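Student: Output the structure for:
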Amino acid sequence: MKVYTNLNEIAPLKNPVVTIGSFDGVHVAHRLILNRIIKLAKEIEGESVILTFDPHPREILNPDFKLELLNTKEEKIQLLKKIGIDNVVFIPFTLEFSKITSQDFIHLILHDKLNAKKIVIGYNHFFGHNREGGFDVLYKLGKELDFTVEEILEQDIQNESISSSKIRKAMEAGDLMKAHAYLHYDYSISGQLMEGESIFSEFGYRSWLLKINNSRKLIPGEGLYYAKVLCDNRLWESAIMIRKNASTDKKSIHILLVGDDSTMVHQKVEIQFKHMVRKCPEDKDCQDLKRIIEAIIIKAGNPI
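Tutor: Below you'll find the predicted structure:
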């Protein structure tokens, strides 16, 4: 897969089949669109192309809003590569770029820069200044510029439509069953293991803190989770406690590794969340919480 960080880097593409969007989460509804452009590209011996944005448009258009993202840029690239996309173009999103009209976007980027042959968009997708462009604009200009347009219908699971915002809400509520069903993979967070006073120490166990480099990465809601931690190609079963600091309103991630290895300090790890065991009790010294932690340790046994 080729990754471009601006439009000027793009080499001539063969019969491009293009889709547009932020694709945060690369979830089930996104995958229907992505699989469709891959299929269409193969049918015309062309290349699949994703036009996405960096940073996320809401970070620029609404900077006061605390946007938490399901994927970092690197995670998104890996997910798209795994699906089989040929080209990903990250358009630098600025206030100036946000003022481009939908017609200019189609003419200057989709036609002049990419020479798109087919364009696939999701249900109710809009783009351009004030979100003025959509399927109707694309369809009309497609006849003039010689490309076809296809709209993918809204997707749902158990009669609920799928969206990145609904996944974020499920994650905040600790409903990983719903979030993982929508994502089609287990949610993960990467960072560095750091030593320091942590919640599990109060129950007699060595514990770690996770240092996350990307402040926009979504952290699930407060609670005790069962997870697996990947470090140096080895998986460790673990208990994860997420708690919020009352004074700063920031969440911290505390890790108990079953079969702890003290040499892991400062190493990069990936937490693969499995499910929430319970919400955080009001009393952090709660004996019931200690019992649950010990049950996780006994069930996990040795690291795998």
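Student: how about the strands in the protein?
Tutor: Counting by DSSP state E, the chain has strands at residues 2-4, 16-20, 47-54, 87-92, 118-122, 148-152, 156-157, 160-161, 188-194, 208-211, 223-231, 234-244, 251-257, 268-278.
Student: if I look at N71, how far off is N35?
Tutor: Distance, N71 to N35, by C-beta to C-beta, to the nearest Å: 18 Å. In this view, the C-beta of every residue, glycine as well, is placed from N, C-alpha and C.
Student: Those two: which has the busier surroundings?
Tutor: When N71 and N35 are compared on other C-beta atoms under 10 Å, the one with more neighbours turns out to be N71, at 26 against 15.
Student: Among the strands of the chain, show me which one is buried the most.
Tutor: Each of these was scored by mean neighbour count; the highest is strand 16-20, a mean of 26, by mean count of other C-beta atoms under 10 Å.
Student: circling back to that earlier point, compare the strands of the chain and say which comes out lowest on pLDDT.
Tutor: Among the strands of the chain, strand 156-157 has the lowest mean pLDDT, at a mean of 50.
Student: Against L80, how distant is K274?
Tutor: K274 is 24 Å from L80, by C-beta to C-beta.
Student: ditto for E43
Tutor: Here the distance between E43 and L80 works out to 20 Å (C-beta to C-beta).
Student: Over to E74?
Tutor: Noted for E74: a distance of 11 Å to L80, by C-beta to C-beta.
Student: repeat for F273
Tutor: When distances are taken as C-beta to C-beta, F273 and L80 turn out to be 21 Å apart.
Student: okay, which residue is most central for this protein?
Tutor: Centre of the chain computed as the mean C-alpha position; nearest residue by C-alpha atoms, centre = their mean is N71, 2.6 Å away.
Student: Dump the strands of the chain to CSV, plus distance to Q103.
Tutor: Below are the strands of the chain laid out as CSV (distance: least, C-beta to C-beta, whole Å):
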stretch, distance to Q103
strand 2-4, 23
strand 16-20, 14
strand 47-54, 16
strand 87-92, 17
strand 118-122, 14
strand 148-152, 14
strand 156-157, 32
strand 160-161, 29
strand 188-194, 40
strand 208-211, 46
strand 223-231, 46
strand 234-244, 46
strand 251-257, 43
strand 268-278, 43
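Student: Nearest to E294, out of those?
Tutor: In terms of C-beta to C-beta, the element of the strands of the chain nearest to E294 is strand 234-244, at 9.4 Å.
Student: by contact count, what packs against that closest one?
Tutor: Of the remaining helices and strands, those touching strand 234-244 by 3 or more C-beta pairs under 8 Å, 6 or more residues apart in numbering; DSSP states H and E are strand 223-231, strand 251-257, strand 268-278, helix 287-300.
Student: closest one to N213 among those?
Tutor: Using C-beta to C-beta as the criterion, the shortest distance between N213 and these is 9.5 Å, found for strand 268-278.
Student: Which residues does that closest one contact?
Tutor: Counting contacts by C-beta atoms under 8 Å, 6 or more residues apart in numbering, the residues outside strand 268-278 that touch it are 174-177, 186-193, 210, 220-221, 223-231, 235, 238-240, 253, 255, 289, 292, 296.
Student: With stretch 57-69 instead?
Tutor: For stretch 57-69, with C-beta under 8 Å, 6+ apart as the criterion, the contacting residues are S22, D24, H56, F93, T94, L95, S98, R168, R216, K217, L218, I219.
Student: Please pick the buried ones from these.
Tutor: S22, D24, H56, F93, R168, K217, L218, I219 (16 or more other C-beta atoms under 10 Å).
Student: how near is the third one to D24?
Tutor: Right, the one you point to is H56. 7 Å.
Student: More neighbours: E43 and L80, which one.
Tutor: It is L80, of E43 and L80, that has more neighbours when counted by other C-beta under 10 Å, with 23 against 11.
Student: where does stretch 204-215 sit relative to the chain's centre, distance-wise?
Tutor: Using C-alpha atoms, centre = their mean, to the nearest Å, we find the averaged C-alpha position of stretch 204-215 to lie 21 Å away from the chain's own average C-alpha position.
Student: same check, this time on stretch 230-239
Tutor: 21 Å.
Student: Repeat that for stretch 254-266.
Tutor: The chain centre lies 26 Å from the centre of stretch 254-266; the measure is C-alpha atoms, centre = their mean.
Student: circling back to that earlier point, from the buried ones among the contacts of stretch 57-69, which is closest to Y123?
Tutor: Out of the buried ones among the contacts of stretch 57-69, the member with the shortest distance to Y123 (by C-beta to C-beta) is S22, at 15.0 Å.
Student: which residues touch the closest one?
Tutor: Under the criterion of C-beta under 8 Å, 6+ apart, the neighbours of S22 are T52, F53, H56, P57, S164.
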